[in-house]
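Chemist: Need a 3D model of the sequence below.
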Amino acid sequence: MRVVSFSVPEWFPSYDADGSDGSDGSDVRPPAQLTDQESAVFLCLATGASNAELAAELQLSISTVKFHVGNIRTKLGGISRLQACLLAALAREGSRLSDGGAAAGPR
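Modeler: Reported below is the predicted structural model:
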């Protein structure tokens, strides 16, 4: 099984299991180690699709998608699904730019 490493940006808010903002003074976050299947689900999260839509797109069962989404959220520091979707969008944008794709136009 191949593992893909993904780093959460330091500026990205996360919450500890106790509900605190996790600001204990250490902003260093180790990279999350996602499996190939988790990486595929993670990158598809960028579209904001439901579990059923992700399952259809990736040809997985809905329960498998739920399992992977839960693992992804845990590995990325207990973030919400919305935060995972935002990080996935950032990851897709970053990979598109680093793969020699055209940069986005002015904003």
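Chemist: what pLDDT does residue 107 get?
Modeler: pLDDT, residue 107: 33.
Chemist: got it, and residue 10?
Modeler: pLDDT recorded at residue 10 is 71.
Chemist: Could you look up the SS state of it?
Modeler: Secondary structure state of residue 10, per DSSP: H, G, I helix; E, B strand; the rest coil, is coil.
Chemist: What separation do you get for it and residue 91?
Modeler: Using Cβ to Cβ, to the nearest Å, we find residue 10 at a distance of 15 Å from residue 91. All C-beta atoms are positioned from the backbone trio N, CA, C, and that covers glycine.
Chemist: Between those two, point out the one with more neighbours.
Modeler: Remark: of residue 10 and residue 91, residue 91 carries more neighbours, 18 against 8, as counted by other Cβ atoms under 10 Å.
Chemist: residues touching residue 61, list them.
Modeler: Listed by Cβ atoms under 8 Å, 6 or more residues apart in numbering, the contact set of residue 61 reads residue 55.
Chemist: can you do 6 Å?
Modeler: If you count contacts by Cβ atoms under 6 Å, 6 or more residues apart in numbering, residue 61 has none.
Chemist: tell me which residues in the helix ranked longest in the chain are buried?
Modeler: Ordering each helix of the chain by length in residues (DSSP state H) puts helix 81-98 first. Across helix 81-98, burial judged by 16 or more other Cβ atoms under 10 Å covers 83-88, 91-92.
Chemist: quick check, nearest of those to residue 65?
Modeler: Using Cβ to Cβ, residue 84 comes nearest to residue 65 of the buried residues of helix 81-98, at 12.5 Å.
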